[in-house]
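> coordinates for the following, if possible.
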Amino acid sequence: VRFVASGGGLVQAGGSLRLSCEASGFTLDDYGLGWFRQAPGKGREGVSCITRRDYSTWYGDSVKGRFTISSDNAKKTVYLQMNNLKPEDTAVYYCAADIDLPQTIKTPDYWGQGTQVTVSS
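The predicted structure follows:
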């Protein structure tokens, strides 16, 4: 199982970024895909995911209304459009795969190397 995440960077508060994560090494239909994040000195926080059962979307309370998750199954890629970014969104963002998302969003079976998002005030 391999993930290649991209799209992180430095942005001012109120700006936008779009993260991408291309997955390989497993059958996408068997897993939900999503993102969790971890800020320095803090624990993991579930951000968003697309569930395996019915392809419904889930969002953490802190990102609802600002972030949008989508996927392209043909490309085995999941995207996270992040708008109206805030300094508290600063973290390393990891894409993740697990059959039981969103319940396991913070402890997924598989996750990638992460991409840094930094939001300046």
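> would you list the phi and psi of the spatially most central residue of the chain?
Taking C-alpha atoms, centre = their mean, the centroid of the chain lies closest to residue 35, which sits 2.3 Å from it. Residue 35 adopts backbone torsions of phi -140, psi 140, taken as degrees, to the nearest 10.
> same question, residue 87
Backbone torsions of residue 87, given as degrees, to the nearest 10, read phi -50, psi -30.
> kindly tell me how buried the nearest residue to the residue nearest to the centre of the chain once chain neighbours are set aside is, as a neighbour count.
Excluding the flanking residues, the one nearest residue 35 by C-beta to C-beta, 6 or more residues apart in numbering is residue 47, at 4.3 Å. C-beta: built from backbone N, CA, C; applies to glycine. Residues near residue 47, counting by other C-beta atoms under 10 Å, number 28.
> and residue 47, what's its pLDDT?
pLDDT, residue 47: 98.
> what lies in contact with the strand or helix carrying it?
Residue 47 belongs to strand 44-50 when assigned by DSSP states H and E. The contact list for strand 44-50, computed with C-beta atoms under 8 Å, 6 or more residues apart in numbering, reads 32-39, 56-60, 62-63, 67, 69-71, 78, 80, 91, 93, 96, 101-102, 105-107.
> and it, which strands flank it?
Paired with strand 44-50 in the same sheet, following DSSP bridges, are strand 32-38 (antiparallel), strand 57-59 (antiparallel).
> closest one to residue 116 among these?
Within the strands paired with strand 44-50, the stretch nearest residue 116 is strand 32-38; the backing value is 10.2 Å (C-beta to C-beta).
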